[in-house]
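Chemist: Provided below are the primary sequence and the corresponding predicted coordinates.
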Amino acid sequence: MKKRPIVVALGGNAITREFEEGNIPQQFENTRRSLEHIIGLLKEGFNMVITHGNGPQVGNALIRVEESRHLVPPLPLGIIVADLEGGMGYMIEQCLQNKMHDMGVKRQVATLVTQVLVDKDDPSIKNPSKFVGPFFKKEQVPELVEKRGWIMKEDKGRGYRRVVASPKPIGIVEKDIIKHLVDMGVVVIAAGGGGIPVYIDHSKHPGWLEGLDGVIDKDLASAVLGREIDAEKLLIITGVEKVALNFGTPEQIDLDELTIADARKYLAEGQFPKGSMGPKIEAAINFIEGGGEEVIITSIEKTGDAIKGKAGTRIHA
């Protein structure tokens, strides 16, 4: 029997670290590092889909668009997400191909630009919550709000960042072709940046897909994708080694494992902020309740140990 596939979700903050400039060479280096331990799973015969975030990258792209709008027509957010899905997919695909070449792993890799269904009336459109772009200090916020018109919120314990609309994912438009490729043994890079948000029109052009400006949380999209391709595990690679209670305070408690019941309890208590760890925990709950067996959350540096059960936080039923 074929092993059920694994979904590996690379965080945009893991590819662009907050203490780095975030230039392309640094992103390539971080990507290579994050993929080193993934090769082991491929050598064991697991089929795999790799997703990735784009929070830092999409925020930077928005700044580029805003700074150059007097020279060239501006790009809407949906198109920026699509552009990054291609560009970051290329980066991940090439890094993976090179690592597989060095380690003698013969697998095909393909990046698939992915549309993700959302509700065009999703409440988040009027209440943005998705952090994008660089971090700022509290004293910088008033000027950014006044002069740039940004909506700013605190990324708990890390600083202040711009937020944009983040509608919840409902389904994956290209799910059938992704499952087909994965079942063939192709390593598929899909739903990059959470995928391009689209909705089904029921008025002007009934049945048509229409784009929507927003950035879907990649972990929530990964859980939906995992459910639709019958994945076994969801591995979320982010900027911290473990999920923690009282994060960023002297009372911080790192967690080795979490049950779904405890995850729901802590989520309701506000332990996991909406713009950072909250969607990861919500994604874990959705993935396991949708038929997945386990979710692992950890950092790039601890990925290898986490896969072996020696690091990270494991979430199960």
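Modeler: Cool, got the structure.
Chemist: what stretches of the stretch 1-150 of the chain score poorly on pLDDT?
Modeler: Scanning the stretch 1-150 of the chain for pLDDT under 70 picks out the ranges 1-2.
Chemist: Report the separation between Lys168 and Leu181.
Modeler: Separation of Lys168 from Leu181 (C-beta to C-beta, to the nearest Å) stands at 25 Å. For every residue, glycine as well, the C-beta is placed using N, CA and C.
Chemist: What residues of stretch 54-65 count as buried?
Modeler: Asn54, Gly55, Pro56, Gln57, Val58, Gly59, Asn60, Ala61, Leu62, Ile63, Val65 (16 or more other C-beta atoms under 10 Å).
Chemist: any idea where the helices of this structure begin and end?
Modeler: Per DSSP state H, the chain carries helices over the ranges 12-15, 24-35, 38-43, 55-67, 77-103, 141-143, 175-183, 218-228, 260-268, 277-289, 303-307.
Chemist: what's the burial count for His70?
Modeler: 7 (other C-beta atoms under 10 Å).
Chemist: What of Ile177?
Modeler: Neighbours of Ile177 using other C-beta under 10 Å come to 15.
Chemist: In this structure it contacts Thr114, no?
Modeler: No: Ile177 is beyond contact range of Thr114, at 9.7 Å (criterion: C-beta atoms under 8 Å).
Chemist: Show me where the stretch 101-250 of the chain has its strands.
Modeler: Remark: strands assigned in the stretch 101-250 of the chain by DSSP state E, counting those that start in this stretch are 109-111, 115-117, 130-136, 152-155, 159-164, 171-172, 187-189, 196-200, 209-211, 233-238, 244-245.
Chemist: residues in contact with Ile297?
Modeler: Shown in contact with Ile297 (C-beta atoms under 8 Å, 6 or more residues apart in numbering): Ile236, Thr238, Lys242, Val243, Lys280, Ala284, Gly312, Thr313, Ile315.
Chemist: Flag the least confident of these.
Modeler: Of all the contacts of Ile297, Thr238 has the smallest pLDDT value, namely 86.
Chemist: Excluding covalently adjacent residues, which one is nearest to that one?
Modeler: Among residues not flanking Thr238 along the chain, Gly11 sits closest, at 4.1 Å (C-beta to C-beta, 6 or more residues apart in numbering).
Chemist: The one you found contacts Thr51, correct?
Modeler: No: counting by C-beta under 8 Å, Gly11 sits too far from Thr51 to count as a contact (9.9 Å).
Chemist: what sits opposite Thr238 in the beta ladder?
Modeler: Beta-bridge pairing for Thr238 (DSSP bridges): Ser299.
Chemist: thinking again about what came up before, ok, which pair from the buried residues of stretch 54-65 is furthest apart?
Modeler: The most widely separated members of the buried residues of stretch 54-65, counting by C-beta to C-beta, are Gly55 and Val65 (16.2 Å).
Chemist: And the contacts of stretch 90-104?
Modeler: Residues outside stretch 90-104 that contact it (C-beta under 8 Å, 6+ apart): 10, 24, 27-28, 31-32, 35-36, 38-39, 42-43, 50, 52, 105-107, 109-111, 187, 189.
Chemist: ok so, going back, Gly87 is nearest to which of the strands of the stretch 101-250 of the chain?
Modeler: Across those, closest to Gly87 is strand 109-111 (C-beta to C-beta), at 9.9 Å.
Chemist: Go through that closest one and flag the buried ones.
Modeler: Buried residues in strand 109-111, counted by 16+ other C-beta under 10 Å: Val109, Thr111.
Chemist: Give me the packing partners of it, helices and strands only.
Modeler: helix 77-103, strand 187-189 (3 or more C-beta pairs under 8 Å, 6 or more residues apart in numbering; DSSP states H and E).
Chemist: Much appreciated, bye for now.
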